[in-house]
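# just to be clear, the model below is a prediction. Sequence and coordinates:
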Amino acid sequence: METLTIAQLGNPILREHATPLSAAQYQEFAPFFNALQLKMLENNGVGIAAPQVSESIRAFIVASRPNPRYPDAPMMEPTLMLNPEITWASESMEKDWEGCLSIPGIRALVNRHSHIEVRYDTLEGKEVKTQMEGFIARIFQHELDHLNGLVFLDRAE
Ligand SMILES: O=C(CSC(=O)[C@H](Cc1ccccc1)CC(F)(F)F)c1ccccc1
Ligand SMILES: [Zn+2]
């Protein structure tokens with residue numbers, strides 16, 4: 001596999017609606033998902049979506065960690081989420097700063113749901129249903145937007 005390149009804003013791939021994966025494909029993509037996680041880590045990201053490396057499939061990684069901007073952000077293992085969905089979202093919204101590996105050097109204030117309930121599949125094909133709030137909920141919503149051809153600037157206040 002050639003090394004992954006992060007698509008920058010202006011690349012039409014970032015504007016596509018990504019394609020769902022069939023469970024039969026999960027294991028097939030395992031090497032790609034490892035490369036995707038490495039790409040995120042080498043760029044100090046707290047998340048990354050497959051379309052950002054020009055693979056228009058419904059998969060992303062969430063990897064919250066404390067950082068200067070979010071000192072109280074929870075430390076979590078990088079988590080691969082396949083065919084992710086929001087099943088419930090709070091009325092209450094919170095505004096905070098976001099960045100994007102596809103739009104380097106730009107930060108914007110973005111309104112996101114404070115609490116969400118989500119579902120996704122793991123690489124092993126197990127369905128996970130869980131609740132998220134705060135920074136993790138923010139990252140999930142940011143990455144899900146990437147699967148639907150949206151970037152955070154589209155929602156900037
Ligand atoms: O700007 C970055 C890197 S940009 C980043 O990690 C994006 C994820 C993200 C950062 C901040 C808020 C929500 C999502 C990753 C992307 F672009 F692939 F989606 C950042 C890192 C830690 C905290 C805040 C910002
Ligand atoms: Zn992004």
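Received the coordinates, thanks. Ligands and ions are numbered 1, 2, ... in the order given.
# mind checking if the longest strand anywhere in the chain is in reach of ligand 1?
Of all the segments assigned as strand in the chain under DSSP state E, the longest by residue count is strand 79-89. No: figure legend: strand 79-89 not in contact with ligand 1 (C-beta under 6 Å from any ligand atom); closest approach 12.8 Å. The C-beta positions use only the backbone N, C-alpha and C, and glycine is treated the same way.
# okay, now the sheet partners of that strand, with direction.
Pairing partners of strand 79-89, with direction, according to DSSP bridges: strand 59-62 (antiparallel), strand 115-121 (antiparallel).
# show me what contacts whichever residue of the chain sits closest to ligand 1?
Closest approach between the chain and ligand 1, counting by C-beta to the nearest ligand atom: Gly99, at 2.5 Å. The neighbourhood of Gly99, defined by C-beta atoms under 8 Å, 6 or more residues apart in numbering, consists of 106-107, 152.
# so Ser90 touches His113, yeah?
Yes: counting by C-beta atoms under 8 Å, a contact exists between Ser90 and His113, whose distance comes to 5.1 Å.
# with neighbour numbers in mind, choose between those two.
Set side by side, Ser90 and His113 show unequal neighbour counts under other C-beta atoms under 10 Å, the larger going to His113 at 19 against 14.
# what residues are bridge-paired with the more buried one?
Beta bridges link His113 to Met93 when assigned by DSSP bridges.
# I'd say it and Thr87 touch.
No: at 12.0 Å, His113 does not count as touching Thr87 under the criterion of C-beta under 8 Å.
# neighbours around Phe33, how many?
Summarising burial for Phe33: neighbours were counted as other C-beta under 10 Å, giving 18.
# so it belongs to a strand, correct?
No: secondary structure of Phe33 (DSSP: H, G, I helix; E, B strand; the rest coil): helix, not part of a strand.
# re earlier: and the contacts of Gly99, which of them are buried?
Buried members of these, counted by 16 or more other C-beta atoms under 10 Å: Phe152.
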